[in-house]
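Trainee: no FASTA, just this:
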């Protein structure tokens, strides 16, 4: 189980990331997504800095990553796919989501205490941070411009509902 300090630290990092996203013009679902990026980045950093935390934090990180991606694929990216100018980003996101799930699958079959697991985890962390950075710098600003702030705010409720549903299912299966 995750240490409450690790969880609080992640929430603080997420809140900071959400405020930063708002200052950069991201609203609604895009601000929520950036906030979640900050939370999971903080947890990844905790494991990278203290490998003894991997047993406690990996289940939480895994659920966060999978719920985030699955909820995006369910509630956000299909809506963005309706806009021609966003097609290339939607396709890139689908590839990244597939890669992320494959990396998580590899981690699940390697002993968590091994050096190999930690090496794979560092690669996953790098991929997650690169993906989040690309979304926040490229996709989200263009998406807000394309769909408008009102639609971005409407999608936020859809995403949060999908995230909650997926997270609940994953928590039952991930140990």
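Mentor: Structure received. Computed from a predicted structure; not experimentally measured.

Trainee: so what's residue 66 up against?
Mentor: Listed by Cβ atoms under 8 Å, 6 or more residues apart in numbering, the contact set of residue 66 reads 101, 104, 166, 170. Any C-beta I mention is one placed from the backbone N, CA and C, and that applies to glycine too.

Trainee: Whichever helix or strand residue 91 is part of - contacts with which helices or strands?
Mentor: Element membership of residue 91, judged by DSSP states H and E, is helix 87-108. Applying 3 or more Cβ pairs under 8 Å, 6 or more residues apart in numbering; DSSP states H and E, one finds that helix 87-108 contacts helix 54-71, helix 77-80, helix 115-134.

Trainee: To residue 26, which of those helices lies closest?
Mentor: Ranking these by distance to residue 26, with Cβ to Cβ as the measure, places helix 115-134 first at 12.4 Å.

Trainee: Beyond that closest one, next helix or strand please.
Mentor: That would be, after helix 115-134 and using DSSP H and E, helix 140-147.

Trainee: For the helix or strand just after that next one, name the packing helices and strands.
Mentor: Per DSSP H and E, helix 140-147 leads on to helix 149-173 as the next helix or strand towards the C-terminus. Counting contacts by 3+ Cβ pairs under 8 Å, 6+ apart, helix 149-173 packs against helix 29-49, helix 54-71, helix 77-80, helix 140-147.

Trainee: Let me know the average pLDDT across the last one.
Mentor: If you average the pLDDT over helix 140-147, you get 96.

Trainee: Need the winner for burial among the helices and strands packed on helix 87-108.
Mentor: helix 54-71 (a mean of 20; mean count of other Cβ atoms under 10 Å).

Trainee: What about residue 16, how many residues nearby?
Mentor: Neighbourhood size, residue 16 [other Cβ atoms under 10 Å]: 13.

Trainee: Helix or strand: which one has it?
Mentor: helix 4-23.

Trainee: Could you point out which residue ranges in this structure have low pLDDT?
Mentor: 1-2, 175 (pLDDT under 70).

Trainee: 80 - rerun?
Mentor: Across the chain, the ranges flagged by pLDDT under 80 are 1-15, 17-18, 21, 174-175.

Trainee: Nearest to residue 44, out of the helices and strands packed on helix 87-108?
Mentor: helix 115-134 (4.2 Å).

Trainee: Which other helices and strands does that closest one contact?
Mentor: Short answer (3+ Cβ pairs under 8 Å, 6+ apart): helix 115-134 packs on helix 29-49, helix 54-71, helix 87-108.

Trainee: can you pull the contacts of residue 40?
Mentor: Contacts of residue 40 by Cβ under 8 Å, 6+ apart are 10, 61, 64-65, 68, 128.
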